[in-house]
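Engineer: Sequence and computational prediction follow.
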Amino acid sequence: MRAIVYDGSHAVLRDDVVLREVKPHEVKVQIAAAGLCHSDVSVMNGTIAMPTPLVMGHEGAGEVCEVGSAVKAIKVGDRVVISTVANCGNCPNCSRGFPTRCYKSLGAMSRPFSIGDEAVYNFAAASTFCEFTLVSENQAIKIDDDIPLESAAISGCAVMTGLGAVLNRARLSVGETACVFGVGGVGLNVIQGCKISGAEKIIAIDTVADKEKLARQMGATHFVDASTQDAIEEVRKITGGVKFGPLAIGGVDWSFECTGNPNVLRGAVEVLDWGGNCVVVGIPAQGTEVSLEVRHLAYVDRGVLGCRYGQAHPHRDIPMYMSMYKNGTLKLDELISDFYTLSEFDRAVGDLHDGSIAKAVFRL
């Protein structure tokens, strides 16, 4: 079958990839659509270190074409979104409703593919830049038949991560203020989450001025072009914040760092009001550190929160997000900038690098 395979140096489209047989608790999914995410690019540039060769992609939706002998909740013909959280479902964290804290889910890789005699890894327990993939039963989330698979595909990561950072991790309240650093696929969904939660001010910050239109379409009330403006000072102007001795008065209640840049993270803390919290969404390279003035945290109750995959509960969240999409509360179609084929992979990656697109979706 066809698949985008990364060998440690290059990502290429191959047509000689073989998928092994389905195990008892697995489902085989024929991929109809797959979203391109910055995490895919991070694999190729070394930010995310992964064993190779591997089949790329982790946002996807399609139709179940085969199920393992022990599968009960999913049947052939079901249309599903693929979750990247391969949690066990039985540990204390899973039982408490926190699958993203399942110890077995982090780095849960396997090698269900092969090229000749060489076994090939999956990516993020999924792999979606391929015609068929294998995932565990609890990673396949059934959706209604009237939801376009192209729109549903991006909910597997960008939507789940962005909305979840607001709705699950921050639990932003009506009337609070927010600042979003990085207006890519995830950041745009953070903005949507802030709007859905009833934020009074939603300040979007990016170095690409052309992203303002889409940021405002998703719900941003203000936009700061960080390529020409001092983002921290602009946020203070918008919120009425001022410098006060070694600290600052005013700012936002919540900031969301979606770039993975440690310097940006520091700024995301500096724009907080007293009692505000920064949610770390973007992922830098392993070993990256950031320095913060401790007094700016301890004196005024500021906090920094990590957030994995939007602290998602996929079997609860994906159906809820699909319902929100159907009633017009959540925008998905508007996030997709263009459609590509797998043979246009390099063009899609280039467009993502240029900042000219929000979300690229491959049709298989």
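Structural biologist: On my side now, so go ahead.

Engineer: Nearest spatial neighbour of the residue nearest the centre of the chain, chain-adjacent residues omitted?
Structural biologist: The centroid of the chain falls nearest to residue 158 when counting by C-alpha atoms, centre = their mean (3.2 Å). Of all residues not flanking residue 158 in the chain, residue 185 sits nearest, at 3.9 Å (C-beta to C-beta, 6 or more residues apart in numbering). (Glycine included, C-beta is placed from N, CA and C.)

Engineer: What values do phi and psi take at the one you found?
Structural biologist: Phi and psi for residue 185, reported as degrees, to the nearest 10, are phi -60, psi -40.

Engineer: tally of neighbours for the closest residue to residue 93 other than its chain neighbours?
Structural biologist: Nearest non-adjacent residue to residue 93, counting by C-beta to C-beta, 6+ apart: residue 101, 4.0 Å away. By other C-beta atoms under 10 Å, 17 other residues sit near residue 101.

Engineer: again with residue 63
Structural biologist: Residue 63 has 15 nearby residues by other C-beta under 10 Å.

Engineer: which residues of the stretch 251-364 of the chain fall in strands?
Structural biologist: Using DSSP state E, counting those that start in this stretch, the strands found in the stretch 251-364 of the chain span residues 252-257, 272-280, 303-306, 336-340, 359-363.

Engineer: for the stretch 51-200 of the chain, same thing?
Structural biologist: Shown for the stretch 51-200 of the chain, the strands assigned by DSSP E, counting those that start in this stretch span residues 54-55, 59-67, 79-82, 113-115, 118-120, 132-136, 140-142, 177-181.

Engineer: tell me which residues of stretch 159-173 are tucked away?
Structural biologist: 159-170, 172 (16 or more other C-beta atoms under 10 Å).

Engineer: Ignore what I typed, I meant stretch 17-26.
Structural biologist: 17, 19, 22, 26.

Engineer: Quickly check those residues for the two that are furthest apart.
Structural biologist: Using C-beta to C-beta, the buried residues of stretch 17-26 span at most 17.3 Å, a distance reached by 17 and 26.

Engineer: about what we covered before: which ones among the buried residues of stretch 17-26 are found in strands?
Structural biologist: The strands, defined by DSSP state E, take in 19, 26 from the buried residues of stretch 17-26.

Engineer: Which of the buried residues of stretch 17-26 lies at the shortest distance from residue 330?
Structural biologist: Closest approach to residue 330 among the buried residues of stretch 17-26 (C-beta to C-beta): residue 26, at 29.7 Å.

Engineer: residues contacting that closest one?
Structural biologist: 67-68, 71, 134-137 (C-beta atoms under 8 Å, 6 or more residues apart in numbering).

Engineer: which residues touch residue 69?
Structural biologist: Residue 69 makes contact with residue 24, according to C-beta under 8 Å, 6+ apart.

Engineer: whoops, I mixed them up, residue 263
Structural biologist: Residue 263 neighbours (C-beta under 8 Å, 6+ apart): residue 290.

Engineer: Repeat that for the one 10 residues further on.
Structural biologist: Applying C-beta under 8 Å, 6+ apart, we find residue 273 in contact with 177, 239, 241, 249-253.

Engineer: Name the nearest residue to it, sequence neighbours excluded.
Structural biologist: Nearest non-adjacent residue to residue 273 (C-beta to C-beta, 6+ apart): residue 251, at 4.0 Å.
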